[in-house]
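>>> Show me the folded form of this:
(2 chains)
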Number of protein chains: 2
Amino acid sequence: MTLLNLLASRSSRMKASEIRELLKLLDQPDIISFAGGIPDPSLFPAEAIGDAYQAVLGGAEAGAALQYQVSEGFLPLRKWLAGQMGRLGVQCDEANIFITSGSQQALDYLGKLFLSPGDTALVTWPTYLGALQAFNAYEPRYDQLTPAGGNMTPEAYRAAAAAPTAFSKGGGKVKFAYLVPDFANPTGNTLDAGQREAVLDLAGELDIAVIEDAAYRALRYDGEAVPPILALDCARSGGIDNARTLYCGSFSKILSPGMRVGWVCAPRHVVEKLVLMKQASDLHSPSINQMVMHRVAETIFDDQVEKLIGAYRRRRDALLGALEASMPKGISWSRPDGGMFVWLTLPDGADASDLLARSVKEARVAFVPGNAFYADGTGRNTLRMSFTLADDRAVGEGVPRLAKLLRG
Amino acid sequence: MTLLNLLASRSSRMKASEIRELLKLLDQPDIISFAGGIPDPSLFPAEAIGDAYQAVLGGAEAGAALQYQVSEGFLPLRKWLAGQMGRLGVQCDEANIFITSGSQQALDYLGKLFLSPGDTALVTWPTYLGALQAFNAYEPRYDQLTPAGGNMTPEAYRAAAAAPTAFSKGGGKVKFAYLVPDFANPTGNTLDAGQREAVLDLAGELDIAVIEDAAYRALRYDGEAVPPILALDCARSGGIDNARTLYCGSFSKILSPGMRVGWVCAPRHVVEKLVLMKQASDLHSPSINQMVMHRVAETIFDDQVEKLIGAYRRRRDALLGALEASMPKGISWSRPDGGMFVWLTLPDGADASDLLARSVKEARVAFVPGNAFYADGTGRNTLRMSFTLADDRAVGEGVPRLAKLLRG
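Presented below is the predicted three-dimensional model:
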């Protein structure tokens, strides 16, 4: 997701000419950016990945690596992932694992599978912008999920979904709840086990699917891991093939986003539908990347997670410390236990898009205005800062400069 | 596309149990198969591709190769492809090139872009099964394109598209014509320049897009290349940004299908829409594969085409010779100038699915029954044979065995 697209999205009030001007400024080398939601490329295990490509292409597997592949994905990778899901409390086998081209593709396929125009998707306010983009293609309505407390009753969600609007004749149904339970993009917040159980209760009463986007799950810097919603679901439903939760995993944040390898762990009947969808849409994810990802993951996954945790924890702590030291009163922010993002809330009435325009010009600091993450376009007084690329200079100089601007 | 899916597709009359039994037989090592529409993996340039992965991951590009990438694709690859399109008579630049995960993804996106439920896609009878699968997701109707002569009038196509059916209230429009003009899958047939111009005439009168699937274009074994439909379109419309033709290219048949790199060459306004679609559906095709494909293509593309032409021409000639020598009267077949397939027509009333079941059991020879390639499920007396994997033994023993079965 580029900042251009964020700013150009329907929820921004900026004019095209203002956006263009802003983007020119963003390209300048002295800008300190907390905007990009991307991993630090200097931490990619490039050598291990290079060795794996060499091993695959230099050996007996070369033909298979460059040839067509089955749509469900490379079997040894699916088996390895089934084992990993077992470590998270999800007993499953390869028939429950479907390989995608990143978890964005999983969101697209699940949107296509569940949504007809006018149906309702339950999402948090704010939520991952890429999920909204994936689902938007299928013309849903959105209603607000508040898993930290305050969800509406099932009857109220149903009635809202069925009501006519200016764009829909009504009669739509609630089809799924989508959420990022661990270190969410954009807020950094994590749901505890009780909140996850409450989501399953609601989903059960509505008889809808739960899409669990676990993109950041492995990146925990403090505290104990909370079981995946899918694990809690399996425990209550009697096993994965009875579960309503569809777990979307990704190697993008740990090993490499550029290789585009993610997975869905789901009941077999859902995997079978996704396989048919994939066959019609791009046949399969690249054979070679799946084979290389399998080799690399099998060898260094846990070590790589440790390495990232060490580096990103320091950057999170530095960013939180700098915010604490310099931000004026009236501004609050999340204190994430993991992931990549800190979420700031400005005083009521503030507009983070306007602030960005001034910040880039005057403070030479960039971030992402928060309203793009709201399905209803609200949240104008919020913004997202990513700490994955924030080195000492960025934090030490950028945060005080932004704070100074905010103090006016 | 696996034979399983072909056989299981809606147009087959075989029962699930028969298909399962057949597939078990197909796995046996003594089966000679002309079924798979795949390149010969022993001809993949594995060493050059391995060297390119090593160069990209061992150098300054490693970070970019493993990082997120813009949705339109890797710029140097897009520039190189614009140059290649220029060699084919299509003057364009990188703004006209969009990178896809294989040309199957291009077909999916173009289906999504153009088709609403009940709209009509014009396709040949038979046509590429993967195109039908991609388009089917958008619930179109199909009407028959006969570019070799005999197309209906624009008025007749329009009236048919708008008429109600058992599944549609009517009011649909013709949205595009899809065709494989060079060495088509499954027939092997090629359209001459006059036939291509006639497709453009029809598309102009209907004011619809033309989707030109050029997957096999580089694999010409005899005769002179015919200009792409897009080149003829540019000549008459005054340039690519005025053209109605969307050219879908692929590296799958020349360099590697397993890396999943294809492209669309199209007017800028179409590329811009495809970029937004890709951003929502899988963000981008793998960065590293695009960078590697660029290096390999720049270095060895023409040599690799020469190598494949030499090998596949010999196999085509051997297959055609064996058919000539052994097939009984009443059976005819195409004599393709390139590509991967020969198309056989059995006497009226014959059923190639039934023949396949007998052939695998008795003659130990496999092929693809032709009716799966027909949008209307006809074509039961046709079948497709691929020669890309057909070595001397396969041709020398398999064809006579199949011919013996056909003679009864």
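>>> Wait, A:R295 touches A:A55, no?
Yes: in this structure, A:R295 is within contact of A:A55 by C-beta atoms under 8 Å, at 6.6 Å. Where C-beta positions appear, they are placed from N, C-alpha and C, glycine not excepted.
>>> more neighbours, these two?
Applying other C-beta atoms under 10 Å in any protein chain shown to A:R295 and A:A55 shows that A:R295 carries more neighbours, namely 20 against 15.
>>> Who's the closest spatial neighbour of that one, skipping the chain neighbours?
Spatial nearest neighbour of A:R295, excluding adjacent residues (C-beta to C-beta, 6 or more residues apart in numbering or on different chains): A:A52 at 4.2 Å.
>>> what kind of secondary structure is that neighbour in?
Look at A:A52: counting by DSSP: H, G, I helix; E, B strand; the rest coil, its state is helix.
>>> and the stretch 1-150 of chain A, which residues reach chain B?
The stretch 1-150 of chain A comes close to chain B at residues A:1-2, A:5, A:38-39, A:41-42, A:44, A:46-47, A:49-50, A:53-54, A:57-58, A:62-70, A:100-102, A:104-105, A:108, A:112, A:130, A:133-134, A:136-137, as judged by C-beta under 8 Å from any C-beta of the partner chain.
>>> count of neighbours near A:R87?
By the measure other C-beta under 10 Å, the count of residues near A:R87 is 7.
>>> and what of A:G83?
Per other C-beta under 10 Å, the neighbour tally for A:G83 reads 14.
>>> Show me how far the helix or strand hosting it is from its chain's centre.
Take DSSP states H and E as the rule and A:G83 turns out to sit in helix A:75-87. Here helix A:75-87 is found 21 Å from its chain centre; the criterion is C-alpha atoms, centre = their mean, to the nearest Å.
>>> which residues are in contact with that helix?
Where contact means C-beta atoms under 8 Å, 6 or more residues apart in numbering or on different chains, the residues beyond helix A:75-87 that reach it are A:72, A:92-94, A:96-99, A:230, A:247, A:249, A:261, A:263, A:265, A:290-291, A:293-294, A:297-298, A:301.
>>> of those, buried ones?
Buried residues within these, counting neighbours by 16 or more other C-beta atoms under 10 Å in any protein chain shown: A:72, A:92, A:94, A:96-99, A:230, A:247, A:249, A:261, A:263, A:265, A:290-291, A:293-294, A:297, A:301.
>>> Can you tell me which of those residues end up in helices?
Those of these mapping onto helices are A:230, A:290-291, A:293-294, A:297, A:301, per DSSP state H.
>>> Specify the beta-bridge partners of the nearest residue to A:A214 once chain neighbours are set aside.
Closest residue in space to A:A214, ignoring its immediate chain neighbours: A:G249 at 5.3 Å, by C-beta to C-beta, 6+ apart. A:G249 has these beta-bridge partners by DSSP bridges: A:W263.
>>> List the residues that contact A:G249.
A:81, A:103, A:214-215, A:217, A:262-265.
>>> that older thread, now tabulate the ones in helices among the buried ones among the contacts of helix A:75-87 in a markdown table and tack on pLDDT.
Below are these laid out as a markdown table (pLDDT from 0 to 100):
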| residue | pLDDT |
| --- | --- |
| A:L230 | 98 |
| A:Q290 | 98 |
| A:M291 | 98 |
| A:M293 | 98 |
| A:H294 | 98 |
| A:A297 | 98 |
| A:F301 | 98 |
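>>> for these, which one is nearest A:A352?
Nearest to A:A352 among those: A:L230, at 34.0 Å, using C-beta to C-beta.
>>> How about the contacts made by the closest one?
Counting by C-beta under 8 Å, 6+ apart, A:L230 has contacts A:85, A:90, A:212, A:240, A:243, A:245-247, A:265.
>>> Against B:V123, how distant is it?
41 Å (C-beta to C-beta, to the nearest Å).
>>> Which secondary structure state does the residue of chain A positioned farthest from its centre sit in?
Relative to the centre of chain A, the most outlying C-alpha is that of A:A60, 36.5 Å out, by C-alpha atoms, centre = their mean. Judged by three-state DSSP, the three-state class of A:A60 is coil.
>>> got any ranges where the stretch 101-250 of chain A has weak pLDDT?
Scanning the stretch 101-250 of chain A for pLDDT under 70 picks out nothing.
>>> Let's see that with 90 instead.
Judged by pLDDT under 90, the stretch 101-250 of chain A has its weakly predicted residues at A:148-149, A:165-171.
>>> Find me the pLDDT at A:E18, would you?
On pLDDT, A:E18 comes in at 67.
>>> Kindly report the residues of the stretch 151-300 of chain A close to chain B.
A:252, A:256-260, A:277, A:279-289.
>>> at 7 Å what do you get?
A:256-260, A:279-283, A:286-289 (C-beta under 7 Å from any C-beta of the partner chain).
>>> what would those residues look like in CSV with neighbour count and pLDDT?
Formatted as CSV, these follow (neighbours: other C-beta atoms under 10 Å in any protein chain shown; pLDDT from 0 to 100):
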residue, neighbour count, pLDDT
A:S256, 27, 98
A:P257, 27, 97
A:G258, 29, 98
A:M259, 28, 98
A:R260, 32, 98
A:Q279, 20, 96
A:A280, 20, 96
A:S281, 27, 97
A:D282, 29, 97
A:L283, 24, 96
A:P286, 31, 98
A:S287, 25, 98
A:I288, 32, 98
A:N289, 29, 98
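>>> Secondary structure added to the residues you listed, as JSON lines?
As requested, those are arranged in JSON lines below (three-state DSSP):
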{"residue": "A:S256", "secondary structure": "coil"}
{"residue": "A:P257", "secondary structure": "coil"}
{"residue": "A:G258", "secondary structure": "coil"}
{"residue": "A:M259", "secondary structure": "coil"}
{"residue": "A:R260", "secondary structure": "coil"}
{"residue": "A:Q279", "secondary structure": "helix"}
{"residue": "A:A280", "secondary structure": "helix"}
{"residue": "A:S281", "secondary structure": "helix"}
{"residue": "A:D282", "secondary structure": "coil"}
{"residue": "A:L283", "secondary structure": "coil"}
{"residue": "A:P286", "secondary structure": "coil"}
{"residue": "A:S287", "secondary structure": "helix"}
{"residue": "A:I288", "secondary structure": "helix"}
{"residue": "A:N289", "secondary structure": "helix"}
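>>> Using the record, which stretches count as separate domains in chain A?
What automatic domain parsing lists as the domains of chain A is A:3-44+A:304-407, A:47-300.
>>> among those, which is the most enclosed?
domain A:47-300 (a mean of 21; mean count of other C-beta atoms under 10 Å in any protein chain shown).
>>> closest to B:A166 out of the domains of chain A?
With distances scored as C-beta to C-beta, the stretch of the domains of chain A nearest to B:A166 is domain A:47-300 (20.5 Å).
>>> show me where pLDDT drops low in the stretch 301-408 of chain A?
Scanning the stretch 301-408 of chain A for pLDDT under 90 picks out A:377, A:408.
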